[in-house]
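Participant: sequence unknown, structure follows:
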């Protein structure tokens, strides 16, 4: 068998074996398949928590590949150089990968594809990270959707491909190329002591993701339309962690949700809408890549946000010491678990950008460093949606009241008790874990007095509305 039948499977955010079109296409070539992951600039630029979580995910997919008679090859360097080196070493005739949609990946992948094809290599990209490719969803007048609800109405009736089964075996090469050692990459170095705190909350790998989906469908999806806003109950799927690294595909989640809907579980449609909300974020990022680093609505370039990361109010926000219980509990949940409840994310973002009048980029950057479920499109759109500078059909002057929101969604303060230790005789283990996860130089203790609000809910709202009235556009 000619070496040209060898296929390099370039893994990125698709760390699974089931419903993996690029993997299935590689196996279908009838030659050896060599899975490879490349530590390039896109990996080097990750924040502490997502980089650490990526390292765990690579360990999990490596073990999964071994059950199929394969292994994961790790290489470091610019993607094109690494792939060309591997092609020379293995004689591979093809390189397959799953598409990504952020501008950095788009530019890299286009360069790689063009160069490899000029070299005579079969270079192909496949779907898998999204259900609907961004260029396939258009308004009636042409162009992409800038508002979520019309997009939902346009795609909710579309067919979504049935998930593919995992190959029973992945053909190995006669000789494996050399590989770096994962531990030598030290992907978790920046997490420091926080890694040990967050690790018990990680649900790692494809099997855990499937189990998480199954448990959610069996237990919570029927009430999801109500429980998703209650931060003190386990009423969400928690699949964002696994979707971020492709340990489960959106197609699998969609079909599970559709089955639940057919069974008469009322919360299933809300779950399906959340999957399309994720798609909406990706479509916007693809069509308007400035979403990631600039105001989506350019008029907001003239708004007078605070941009000082060292401002005492910003420091208090980062530390979960604003004196606003909903904000502080949510921030501490993030440090202990690597995630934050969705309602908490909205309140935290609204408080920073509106009550504290601080630029959304500061919050976006902090989340990039702290979330194990960090996702470039969802994080950017979420922050701009909360700030008012992004794609949002609601008025920009909407200001969430973090106190009344807590009264509504955590009336007994169960969420607060779970995450805030100060002032309590017997604080919970999770609340105490915050002091193990936080940076030591913060010098905080459970014995500290819980602070008064740095900006009270009513005063912050008034200041925000005054700023909007004088916004200059």
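Facilitator: Done, it's in. Just so it is clear, the model here is predicted, and its values are computed rather than measured. Numbers count the residues shown, from 1 in each chain.
Participant: how close does the closest residue to residue 403 other than its chain neighbours sit to residue 406?
Facilitator: Among residues not flanking residue 403 along the chain, residue 457 sits closest, at 4.7 Å (C-beta to C-beta, 6 or more residues apart in numbering). C-beta: built from backbone N, CA, C; applies to glycine. Computed with C-beta to C-beta, to the nearest Å, the distance linking residue 457 and residue 406 is 10 Å.
Participant: show me what contacts the residue positioned nearest the centre of the chain?
Facilitator: Residue closest to the average C-alpha location in the chain (C-alpha atoms, centre = their mean): residue 375, at 2.8 Å. For residue 375, the contacting residues are 240, 243, 244, 278, 281, by C-beta atoms under 8 Å, 6 or more residues apart in numbering.
Participant: now do the phi/psi pair for the residue nearest to residue 403.
Facilitator: Here is the backbone geometry of residue 457 (degrees, to the nearest 10): phi -60, psi -40.
Participant: for residue 410, see how far away it is.
Facilitator: Distance of residue 457 to residue 410, given as C-beta to C-beta: 15 Å.
Participant: and those two? which has more neighbours close in?
Facilitator: Just comparing residue 457 and residue 410: by other C-beta atoms under 10 Å the higher neighbour count belongs to residue 410, 24 against 21.
Participant: residue 396 - how many residues pack around it?
Facilitator: Residues near residue 396, counting by other C-beta under 10 Å, number 17.
Participant: so it sits against residue 469, correct?
Facilitator: No. The pair residue 396 and residue 469 fails to qualify as a contact (C-beta atoms under 8 Å) at a distance of 11.7 Å.
Participant: next secondary structure after the helix or strand harbouring residue 88?
Facilitator: Taking DSSP states H and E as the criterion, residue 88 maps to helix 79-90. Per DSSP H and E, the first helix or strand lying C-terminal to helix 79-90 is strand 94-98.
Participant: what is that next one packed up against?
Facilitator: Taking 3 or more C-beta pairs under 8 Å, 6 or more residues apart in numbering; DSSP states H and E as the contact definition, the neighbouring helices and strands of strand 94-98 are strand 7-11, helix 21-28, helix 103-118, strand 122-126.
Participant: mind listing what's buried in the second one?
Facilitator: Right, the one you point to is helix 21-28. Using 16 or more other C-beta atoms under 10 Å as the test for burial, helix 21-28 gives 21, 22, 23, 24, 25, 26, 27.
Participant: mind putting the residues you listed in a markdown table, pLDDT included?
Facilitator: Rendered in a markdown table, the data for these read as follows (pLDDT from 0 to 100):
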| residue | pLDDT |
| --- | --- |
| 21 | 98 |
| 22 | 98 |
| 23 | 98 |
| 24 | 98 |
| 25 | 98 |
| 26 | 98 |
| 27 | 97 |
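Participant: which single one of these is nearest to residue 161?
Facilitator: Closest approach between the buried residues of helix 21-28 and residue 161, by C-beta to C-beta: residue 21, at 8.4 Å.
Participant: what sits against the closest one?
Facilitator: Applying C-beta under 8 Å, 6+ apart, the residues near residue 21 are 98, 126, 127, 128, 164.
Participant: among these, which one is most surrounded by other residues?
Facilitator: Tallying neighbours with other C-beta under 10 Å puts residue 128 at the head of those, with 25 neighbours.
Participant: can you tell me how far that residue sits from residue 161?
Facilitator: Taking C-beta to C-beta as the criterion, residue 128 is separated from residue 161 by 10 Å.
Participant: list residues touching both of the two?
Facilitator: Residues touching both residue 128 and residue 161 (C-beta under 8 Å, 6+ apart): none.
Participant: could you give the number of residues near residue 214?
Facilitator: Using other C-beta under 10 Å as the criterion, the residues surrounding residue 214 number 11.
Participant: which residues of the chain score low on pLDDT?
Facilitator: Counting by pLDDT under 70, the chain contains low-confidence residues at 1-3, 393-394, 472-473.
Participant: can you give me the end-to-end distance of stretch 294-306?
Facilitator: Stretch 294-306 has its terminal residues 15 Å apart, counting by C-alpha to C-alpha, to the nearest Å.
Participant: I'd like the numbering to begin with 22 instead of 1 from here.
Facilitator: Sure, I'll start numbering at 22, so the last one becomes stretch 315-327.
Participant: buried sites along it?
Facilitator: Buried residues in stretch 315-327, counted by 16+ other C-beta under 10 Å: 315, 316, 317, 318, 321, 324, 326.
Participant: and the residue nearest to the last one when sequence neighbours are not counted, how many neighbours?
Facilitator: When the adjacent residues along the chain are set aside, residue 326 lies closest to residue 380, with 3.9 Å between them (C-beta to C-beta, 6+ apart). Counted with other C-beta under 10 Å, residues neighbouring residue 380 total 24.
Participant: check contacts around residue 380.
Facilitator: If you count contacts by C-beta under 8 Å, 6+ apart, residue 380 has them with 326, 327, 328, 374.
Participant: tell me which other helices or strands the strand ranked longest in the chain touches.
Facilitator: For the chain, the longest strand by residue count, based on DSSP state E, is strand 54-60. When contacts are defined as 3+ C-beta pairs under 8 Å, 6+ apart, strand 54-60 sits against strand 28-32, helix 42-49, helix 69-87, strand 94-97, helix 100-111.
Participant: dump those into a markdown table; add distance to residue 423 as well.
Facilitator: Compiled in a markdown table, the helices and strands packed on strand 54-60 are given as follows (distance: least, C-beta to C-beta, whole Å):
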| stretch | distance to residue 423 |
| --- | --- |
| strand 28-32 | 41 |
| helix 42-49 | 43 |
| helix 69-87 | 24 |
| strand 94-97 | 44 |
| helix 100-111 | 43 |
